[in-house]
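Enquirer: Take this sequence and fold it.
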Amino acid sequence: MKMAVVGCGNLATAVISKIDGVDLHTYTPSFTRAEELARLKSGKAYRDLKDLPKVDYLVLGMKPQQFEEFAFGFKDQLDKETIVISLLAGTSVKTIRKHLGSKRIVRVMSNTPALVGEGLHALYFDNVENTETVEGFFKTSGKTIVVGSEEKIDAITCFSGSGPAYVFELARVLTNELEGRGFSQEEAEAVIKQTILGSSILMSKSESSPLELRSQVTSKNGVTEKVLGSIEADGFEALWKKAILAGDQRINELKG
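Expert: Next comes the predicted model:
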């Protein structure tokens, strides 16, 4: 099986680095990231887009804003039977088919925990028969869900796709606060990383809902209740709803 990856940024590298058993070909305009991924997987990197060979699978890993320019220069050399796997946010099947002429398309919303085999990949298939093979590519780096409508790929983007950044930002804030209380950076990072890791594992293994798990930590009139009460008083839930809507707006802008 031959696979080409165009755009080898963090997300594409996270996903592709876990896939075995493919003859890999990579391209980025700067060549550097393409060379790094190709070397990692014993593949071949290309300096010129026109030199990419015919492949069974083409993975789109560039920024969404770069897609049309890429498609303009690549459309004529694409085998229309090639399965196009798009990691691009806000780039619809209709847009991909219009600019690339592709017959068979998979839209995927992945996330960077794929780097450690703990990613979440939502897949939508359009005119693709061997769905098990494609899903298998992504199972190597995490869990997969197959959605029945393209709208769900857009809907999940601000949650699973962007979600790791929210966790990392929370970790940053808490780490800085702990440092301000006399802990070293190393100590503070260790405390917060383990707290988030342990909580995530507990949540994933528990049959209790997040609300129930929160209640188990929150004693009446205790410290945790006071902290959560202060956050809620500042409109925590409304803040997140507003933030997610801002993300949805950006997706719609990318979709045009």
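
Enquirer: quick one: pLDDT of residue 80?
Expert: As predicted, residue 80 sits at a pLDDT of 87.

Enquirer: Would you quantify the distance from it to residue 105?
Expert: Taking C-beta to C-beta, to the nearest Å as the measure, residue 80 falls 11 Å from residue 105. Where you see a C-beta, it was placed from the backbone N, CA and C, and this is true even at glycine.

Enquirer: same question, residue 130
Expert: In terms of C-beta to C-beta, residue 130 sits 13 Å off from residue 105.

Enquirer: list the residues that contact both of the two?
Expert: residue 83 (C-beta atoms under 8 Å, 6 or more residues apart in numbering).

Enquirer: Neighbour count: these two, which is higher?
Expert: Comparing residue 130 with residue 105 by other C-beta atoms under 10 Å, the one with more neighbours is residue 105, at 23 against 12.

Enquirer: hang on, residue 97 packs against residue 105?
Expert: Yes - checked against C-beta atoms under 8 Å, the pair residue 97 and residue 105 is within contact range at 6.6 Å.

Enquirer: joint contacts of these two?
Expert: Residues touching both residue 97 and residue 105 (C-beta under 8 Å, 6+ apart): none.

Enquirer: Can you get me a residue count around the residue lying closest to residue 20 once chain neighbours are set aside?
Expert: Distances taken as C-beta to C-beta, 6 or more residues apart in numbering place residue 140 nearest to residue 20, at 7.2 Å, with adjacent residues excluded. By other C-beta under 10 Å, the residues close to residue 140 number 17.

Enquirer: Repeat that for the one 3 residues further on.
Expert: Around residue 143 there are 14 other residues, counting by other C-beta under 10 Å.

Enquirer: try residue 237
Expert: Residues within reach of residue 237, counting by other C-beta under 10 Å, total 9.

Enquirer: So for the residue nearest to residue 20, what pLDDT did the model give?
Expert: On the pLDDT scale, residue 140 gets 95.

Enquirer: List the contacts of it.
Expert: Here residue 140 is in contact with 18-20, 117 (C-beta under 8 Å, 6+ apart).

Enquirer: Farthest-apart pair in those residues, please.
Expert: 20 and 117 (12.8 Å; C-beta to C-beta).
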